[in-house]
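Visitor: Pasting the sequence and the predicted coordinates here, then a few questions.
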Amino acid sequence: MTGQAMMPGPELRIDHLTATYRRHPAVHHLSARFAPGSLTAIVGPNGAGKTTLLRAIAGLHKADEGRISATHADGRPARLALLPQQAGMDRAFPILCRDVVLQGMWSRLGAFRAASAADKARAEAALEAVGLGGFGGRPVGAMSAGQFQRLLFARLLVQDAALILLDEPFNAVDARTAADLLAMVKRWHGEGRTVVAVLHDLDLVREAFPDCLLLAREKVAFGPTAEVLSAANRLKARMMAEAWDEAAPACTAEAA
Amino acid sequence: MIDALLGPFLEFGFMRRALVGCLALAVAAPPLGVFLMLRRTSLTAEVLAHGVTPGIAAGFLIAGLSVPAMSLGGLVAGLIVALGAGALSRATGGREDASLTALYLIALALGVTMVSLRGDTGDLTHLLFGQVLGVDDAALLLMAGVATITLPALALAWRPLALETFDPAFAQAEGAHGGLWHMLFLGLVVLNVLAAFQAMGTLMAVGLMMLPAVAARHWSRELSGLAYAAVGIAALSAYAGLLVSYHLDLPSGPAIVLTAGLLWAVSVVAGPVDGLLARLLRRPHLAG
């Protein structure tokens, strides 16, 4: 259903990225390289810049400094898909589940082209794959938080992107839904896609995510999960996140 | 009976023109109202309607009660206010309602003052409440022309607008040019407000756009269904409102808006989606 296995996925490079809110950095001089086909968790305290980093990668937050590139081995730019947190969406909007899934084909259908019978079949299959078979004709407003998250995964599935960014994908869903959605993430990993997920559940990260970026505005540690999530690193991240200096002077660090 | 329902339209050309004009409005404006409601920007329509007033008044001062002059003035003022409202919205991070309210109060006061400089109370009533007698051929052409432009333009903008309203971050990430479509949409709202002004006046111009849209909420759970329901309610309001206006000798704008208001109340009570009656008649729940 998810199309061809794409070996290997794109490499995601971040060079000296700084992204700010009113000049205060949310992400500060971050450099990191996510290998093709890697499965990486981003963890860190609240306000550590995790969501900002994903939004910057997706082009939704303008970087103040630095470069972000996501390219395949042959230099083609990778298509990416972002699963945002649910808060930004209007869940009372009068739209049917089927149509939400079809939104995932925007890059192909755009504003005007009609969805073919095959496209609609793909949408139904995606709903089936996330455990929402038969929900196509239901309005979004009638969905629970867990069902809505499954629906967004169905849209991601249809987007068929090589780089997938997930912002707290398992928040507010029950254990069974989380397990189903995690299985889907693992399948994307198996297909060679590059996946980056912001997560809070460290046990889950240790268990399912080979690589980990510990973020507290700056990079605290990045690499194999077991090494990154040491007690020392986690303490360091907590200390760094709590500092907020209203009268901070201009940063003079080398921008490279 | 038949005579009361059809007589005025068979007998008088101005009633026919008013009906045709209002039906054109009723087809074009309510779908825009549905989007305004879903975007939680119902106030924007009100602001645009009052914002065009100084422009219309300027047209009136220069050329008297001339449809082209007043429409042109209104169009210029409306576009300025639309751009200003958009800028305000961005500057205040979406919490623009207070500044917008300030803006439309100023615009309305300015428009009324300008008309009072030269016109009499009749002109002022015409400006504020509209006048069926005022729908001459030029006004009718404007209303029909606006509907003719609005429907295809909205059909083109439908999908991006729906996507941007439902999930703005996704639309932005997919490069759906939500901002561009939104500007086109606001342009359409300005045009429809101008057209509505001819029959309904500047105080009531938004009535046929917003009230049917709000009422439609109780008739459908789906976007296209909302649009159809809103158009149906608006067309009925236009017809019944004109009849009431004729028989009871009321200004046409308030009569149409009051009819739409009545239909809204009926929808709240009897509509199948979240209507009061549906909630009272507790039907047994389904098995699954």
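Guide: That came through, no problem. Numbers count the residues shown, from 1 in each chain, chains lettered A, B, ... in the order given.

Visitor: Next, work out how far apart the residue lying closest to residue B:81 once chain neighbours are set aside and residue A:27 are.
Guide: Leaving aside its chain neighbours, residue B:81 sits nearest to residue B:51 (3.2 Å; criterion: CB to CB, 6 or more residues apart in numbering or on different chains). Every C-beta, even on glycine, is put in place using the N, C-alpha and C of the backbone. Using CB to CB, to the nearest Å, residue B:51 is found at 40 Å from residue A:27.

Visitor: neighbour-wise, which of these two wins?
Guide: Using other CB atoms under 10 Å in any protein chain shown, the more surrounded residue of residue B:51 and residue A:27 is residue B:51, with 30 against 26.

Visitor: quick one: contacts for the more buried one?
Guide: Neighbouring residues of residue B:51 by CB atoms under 8 Å, 6 or more residues apart in numbering or on different chains: B:77, B:78, B:80, B:81, B:82, B:85, B:103, B:104, B:107.

Visitor: How confident is the prediction for it, by pLDDT?
Guide: Residue B:51 carries a pLDDT value of 86.

Visitor: Please apply the same query to residue B:137.
Guide: Residue B:137 is given a pLDDT of 84.

Visitor: Equivalent analysis for residue A:246, please.
Guide: 64.

Visitor: Run through the chain and note the low-pLDDT ranges.
Guide: Using chain A. A:1-7, A:87, A:241-247, A:253-256 (pLDDT under 70).

Visitor: Chain B, not that one
Guide: Looking along chain B with the criterion set at pLDDT under 70, you get B:90, B:92-96, B:132-134, B:288.

Visitor: Run through the residues of it sitting next to chain A.
Guide: Within chain B, the positions adjacent to chain A are B:38, B:156-157, B:159-160, B:162-163, B:165-170, B:172-174, B:176, B:181, B:220-223, B:225-226 by CB under 8 Å from any CB of the partner chain.

Visitor: Check these for burial and list the buried ones.
Guide: Those of the residues of chain B next to chain A that meet the buried threshold are B:38, B:157, B:159-160, B:162-163, B:165-170, B:172-174, B:176, B:181, B:220-221, B:223, B:226, by 16 or more other CB atoms under 10 Å in any protein chain shown.

Visitor: for the helix or strand harbouring residue B:142, packing partners?
Guide: Using DSSP states H and E, residue B:142 maps to helix B:137-166. Other elements packing on helix B:137-166 under the criterion 3 or more CB pairs under 8 Å, 6 or more residues apart in numbering or on different chains; DSSP states H and E are helix A:97-103, helix B:13-38, helix B:67-91, helix B:168-173, helix B:178-204.

Visitor: Identify whichever of the ones you listed lies nearest to residue A:190.
Guide: Comparing these by their distance to residue A:190 (CB to CB), the top pick is helix A:97-103, with 22.1 Å.

Visitor: Give me the distance from the closest one to the chain's centre.
Guide: Put simply, helix A:97-103 sits 19 Å off its chain's centre (CA atoms, centre = their mean, to the nearest Å).

Visitor: Equivalent analysis for stretch A:90-108, please.
Guide: The answer for stretch A:90-108 is 19 Å, by CA atoms, centre = their mean.

Visitor: Of all the residues in that stretch, which ones are buried?
Guide: Judged by neighbour count using 16+ other CB under 10 Å, the buried positions of stretch A:90-108 are A:90, A:93-106.

Visitor: Please, which helix or strand holds the residue most central in space within chain B?
Guide: Centroid-nearest residue in chain B: residue B:209, 2.9 Å away (criterion: CA atoms, centre = their mean). Assigned by DSSP H and E, residue B:209 belongs to helix B:207-216.

Visitor: quick one, phi psi at the spatially closest residue to residue B:118 that is not a sequence neighbour?
Guide: Leaving aside its chain neighbours, residue B:118 sits nearest to residue B:61 (5.7 Å; criterion: CB to CB, 6+ apart). Here is the backbone geometry of residue B:61 (degrees, to the nearest 10): phi -60, psi -40.

Visitor: ok, residue B:61 touching residue B:114?
Guide: Yes: counting by CB atoms under 8 Å, residue B:114 is a contact partner of residue B:61 at 6.0 Å.

Visitor: More neighbours: these two, which one.
Guide: Between residue B:61 and residue B:114, residue B:114 has the larger neighbour count (other CB under 10 Å), namely 20 against 16.

Visitor: so what's that one up against?
Guide: Residue B:114 touches B:54, B:57, B:58, B:60, B:61, counting by CB under 8 Å, 6+ apart.

Visitor: Let me know the secondary structure of it.
Guide: Of the three states, residue B:114 takes helix according to DSSP: H, G, I helix; E, B strand; the rest coil.

Visitor: what about it, distance to residue A:218?
Guide: Distance from residue B:114 to residue A:218, by CB to CB: 59 Å.

Visitor: would you list every one of the helices in the stretch 1-150 of chain A?
Guide: A:50-57, A:97-103, A:106-109, A:117-129, A:145-159 (DSSP state H, counting those that start in this stretch).

Visitor: Chain B is nearest to which of those helices?
Guide: Shortest distance between chain B and the helices of the stretch 1-150 of chain A, using CB to the nearest CB, is found for helix A:106-109: 4.5 Å.

Visitor: returning to that earlier point: so which of the contacts of residue B:51 comes closest to chain A?
Guide: Distances from chain A to these, taken by CB to the nearest CB, are shortest for residue B:85, at 20.2 Å.

Visitor: ok, the closest one touching residue B:48?
Guide: Yes: if you go by CB under 8 Å, residue B:85 and residue B:48 touch, sitting 7.4 Å apart.

Visitor: and for stretch B:219-230, what are the contacting residues?
Guide: A:93-96, A:139, A:141, B:30-31, B:33-34, B:38, B:162, B:212-213, B:215-217, B:267, B:271-273.

Visitor: Buried ones among the residues you listed?
Guide: By 16+ other CB under 10 Å, those give A:93-96, A:139, B:30-31, B:33-34, B:38, B:162, B:212-213, B:215-217, B:267, B:271, B:273 as buried.

Visitor: Return the distance of the spatially closest residue to residue B:66 that is not a sequence neighbour relative to chain A.
Guide: Ranked by CB to CB, 6+ apart and with sequence neighbours excluded, the top spatial neighbour of residue B:66 is residue B:59, at 7.0 Å. With distances taken as CB to the nearest CB, to the nearest Å, residue B:59 is found 35 Å from chain A.

Visitor: Residue B:59: neighbouring residues, count only.
Guide: Neighbours of residue B:59 (other CB under 10 Å): 24.

Visitor: CA-only coordinates of the helix or strand hosting it in PDB, if you can.
Guide: Counting by DSSP H and E, the element that carries residue B:59 is helix B:53-63. C-alpha atoms of helix B:53-63 as PDB (Å, rounded to 0.1, in the frame of the first residue of the first chain):
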ATOM      1  CA  THR B  53     -19.200  53.000   3.500                       C
ATOM      2  CA  PRO B  54     -16.700  56.000   3.200                       C
ATOM      3  CA  GLY B  55     -15.900  55.000  -0.300                       C
ATOM      4  CA  ILE B  56     -19.500  54.700  -1.300                       C
ATOM      5  CA  ALA B  57     -20.100  58.100   0.400                       C
ATOM      6  CA  ALA B  58     -17.300  59.600  -1.500                       C
ATOM      7  CA  GLY B  59     -18.800  58.300  -4.800                       C
ATOM      8  CA  PHE B  60     -22.100  59.800  -3.700                       C
ATOM      9  CA  LEU B  61     -20.600  63.200  -2.900                       C
ATOM     10  CA  ILE B  62     -18.900  63.300  -6.300                       C
ATOM     11  CA  ALA B  63     -21.700  61.900  -8.500                       C
END
